[in-house]
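*Asks:* Have a look at this prediction, sequence included:
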Amino acid sequence: MNEALLPIHFGDGMKGILFSLLAGAIAAHGQRFNCGVSKPGELEVTRGSQYAPSLWGFDLKTEAETSAASCTSSSPFFFSVSLPEGNYRVTVVLGGREASTTTVRSEARRLMLEKVSVKANGKVTRSFDVNVRFPEIAGDADRSVKLKPREVGSLDWDHKLTLEFNGDHPSIRSLTIKAIKEPTIYLAGDSTVVDQSVEPWAAWGQMLPRFFRPGIVVANHAESGETIRSFIQEERLAKIMSIIQPGDYLFLQFGHNDQKPNAVSLDDYEELLTETIAKVRAKGATPVLVTSMNRRTFDGDGKITNSLGPYPAAVREVGAANHLALIDLNTMSKTLFEAMGGEGSMKAFMHFPANAFPNQSEAISDDTHFNSYGAYELARCVVQGIRGAKLPLRKFLIRDLQSFDPAHPDPQAPFSLPPTPPPARIHDVIKIPQS
């Protein structure tokens with residue numbers, strides 16, 4: 001039986017039973033969703049398999065043709081499954097009747113698989129690990145993350161896993177989801193780290209999963225506009241502390257908003273960082289400090305100027321005092337942006353003429369935030385920093401990953417990722433609050 005085809009007017013009790021059965025199967029041995037005819041124990045996906053709360057199916061008003069034992073489309077499509085909070089391994093068998101190149105994102109545009117090409121009638125199997133999170137704080141029914149209006153309805157905070165299949169005739173034959181327990185990299189930061197949900201905005205945190213193979217999962221809790229103080233006040237740190245486990249990591253990158261007038265004094269900044277480090281260590285997890293990347297501020301000699309004041313230096317000092325691993329993204333980004341040059345670096349930041357993307361009626365000129373190319377390059381810097389710091393989690397990096405030198409960035413011209421369709425609730429991408 002395809003639960004996604006059950007009438008929506010079924011009562012909450014029936015949906016709860018179906019959800020429990022599905023969650024139990026995923027936790028015990030994994031659940032396979034098969035395009036076309038399915039074997040016993042598998043769930044058959046058809047064009048009419050539409051998502052409903054507590055169930056599964058195609059989502060966000062998209063669908064795919066199901067023929068020749070594959071789900072394929074000439075446009076992006078989304079597939080959602082209601083799941084409990086936790087970590088999951090997703091195994092996809094890609095391919096279909098036509099040649100295809102498929103990029104897979106999870107939740108709010110987290111890059112999981114990049115441009116996997118499959119020949120006509122062929123198939124390729126890939127696996128990746130994803131995190132599903134809820135706003136509610138575990139063990140305390142009266143507390144939850146204080147979501148901002150922009151986060152309400154976000155794919156990052158709902159009670160389901162959403163996968164985006166995008167590219168040139170994106171095609172899948174099946175997907176299998178299984179609950180897992182494994183090390184988690186939690187990310188805490190601001191709009192330069194967050195899962196940016198709308199094109200053309202992007203941040204390094206949502207690009208990071210692409211560089212890891214199964215065995216470790218990235219859980220990005222960063223949010224736009226955050227200082228380290230507001231991150232704590234909005235219960236975001238409490239949320240992480242309620243679920244972080246021994247062997248996990250917490251990457252901390254704050255500074256862009258802390259250094260603004262009347263935000264967080266330098267003394268308070270250092271104190272809050274130090275207190276957070278102690279809390280993470282008390283949980284048996286590993287804190288890692290990341291200095292904030294530079295803004296696109298060049299002097300007359302083509303050199304990046306410091307627009308962040310003493311805050312990056314303070315992170316280095318706190319890291320040294322607490323004997324912590326440090327990823328100096330501030331230094332690496334200076335090298336990266338200077339290598340790109342004043343004109344070239346515009347292609348990494350949010351500089352677009354009007355109507356370059358849907359729902360973008362005016363030009364964008366932003367020297368703080370990044371497009372997909374800039375976010376991707378910064379994620380490569382972070383990965384290089386993981387290697388340089390010799391963090392144990394480096395063993396989970398994808399095996400064919402080349403070293404990255406910020407002085408020699410990837411060329412922008414051939415870089416591209418298929419754009420995610422804008423959410424229906426977004427009518428103007430320029431008005432999305434970023435800081």
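*Replies:* Received the coordinates, thanks.

*Asks:* which stretches of this protein have low pLDDT?
*Replies:* Of all residues in the chain, those with pLDDT under 70 make up the ranges 1-15, 432-435.

*Asks:* in it, which spans are helices?
*Replies:* Here the chain has its helices, by DSSP state H, at 12-28, 204-207, 228-233, 236-243, 266-282, 311-321, 329-344, 372-388.

*Asks:* can I get the CA coordinates of the first one in PDB?
*Replies:* Which is helix 12-28. C-alpha atoms of helix 12-28 as PDB (Å, rounded to 0.1, in the frame of the first residue of the first chain):
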ATOM      1  CA  ASP A  12      -4.800  12.100  12.900                       C
ATOM      2  CA  GLY A  13      -5.000   8.800  14.700                       C
ATOM      3  CA  MET A  14      -4.600   6.800  11.400                       C
ATOM      4  CA  LYS A  15      -1.800   9.100  10.200                       C
ATOM      5  CA  GLY A  16      -0.100   8.700  13.500                       C
ATOM      6  CA  ILE A  17      -0.200   4.900  13.100                       C
ATOM      7  CA  LEU A  18       1.200   5.100   9.600                       C
ATOM      8  CA  PHE A  19       3.900   7.500  10.700                       C
ATOM      9  CA  SER A  20       4.900   5.100  13.600                       C
ATOM     10  CA  LEU A  21       5.100   2.200  11.200                       C
ATOM     11  CA  LEU A  22       7.200   4.100   8.700                       C
ATOM     12  CA  ALA A  23       9.500   5.500  11.400                       C
ATOM     13  CA  GLY A  24       9.900   2.100  13.000                       C
ATOM     14  CA  ALA A  25      10.900   0.500   9.700                       C
ATOM     15  CA  ILE A  26      13.400   3.300   9.000                       C
ATOM     16  CA  ALA A  27      14.900   2.900  12.500                       C
ATOM     17  CA  ALA A  28      15.100  -0.900  12.400                       C
END
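
*Asks:* Give the buried residues for that helix.
*Replies:* By neighbour count with 16 or more other C-beta atoms under 10 Å, helix 12-28 contains the buried residues Lys15, Leu18, Phe19, Leu22, Ala23, Ala25, Ile26, Ala27. C-betas here are computed from N, CA, C, even on glycine.

*Asks:* Quick check: end-to-end length of stretch 348-362?
*Replies:* 19 Å (C-alpha to C-alpha, to the nearest Å).

*Asks:* Sorry, slip of the keys, the one I care about is stretch 194-206.
*Replies:* Start and end residues of stretch 194-206 are separated by 7 Å (C-alpha to C-alpha).

*Asks:* so who does Ala141 touch?
*Replies:* Counting by C-beta atoms under 8 Å, 6 or more residues apart in numbering, Ala141 makes contact with nothing.

*Asks:* Ramachandran coordinates for it?
*Replies:* Phi and psi for Ala141, reported as degrees, to the nearest 10, are phi -60, psi -20.

*Asks:* With Ser242 as the reference, measure out to it.
*Replies:* 12 Å (C-beta to C-beta, to the nearest Å).

*Asks:* cool, and Ala138?
*Replies:* 4 Å.

*Asks:* now do Asp248
*Replies:* Going from Asp248 to Ser242 by C-beta to C-beta gives 12 Å.

*Asks:* got it, and Lys431?
*Replies:* According to C-beta to C-beta, Lys431 and Ser242 sit 33 Å apart.

*Asks:* and the two? which has more neighbours close in?
*Replies:* Shown here are Lys431 and Ser242; by other C-beta atoms under 10 Å, Ser242 has more neighbours (15 against 12).

*Asks:* Report the separation between the more buried one and Arg32.
*Replies:* Distance of Ser242 to Arg32, computed by C-beta to C-beta: 32 Å.

*Asks:* In the stretch 51-200 of the chain, what residue spans correspond to strands?
*Replies:* All strands of the stretch 51-200 of the chain, identified by DSSP state E, counting those that start in this stretch, fall at 56-59, 65-67, 70-72, 77-82, 86-94, 100-106, 110-118, 124-132, 160-168, 171-180, 184-189.

*Asks:* What strands line up against the longest one, and which way round?
*Replies:* If I follow you right, that is strand 171-180. Sheet pairing here is set by DSSP bridges, and for strand 171-180 it gives strand 31-35 (antiparallel), strand 70-72 (antiparallel), strand 86-94 (antiparallel).
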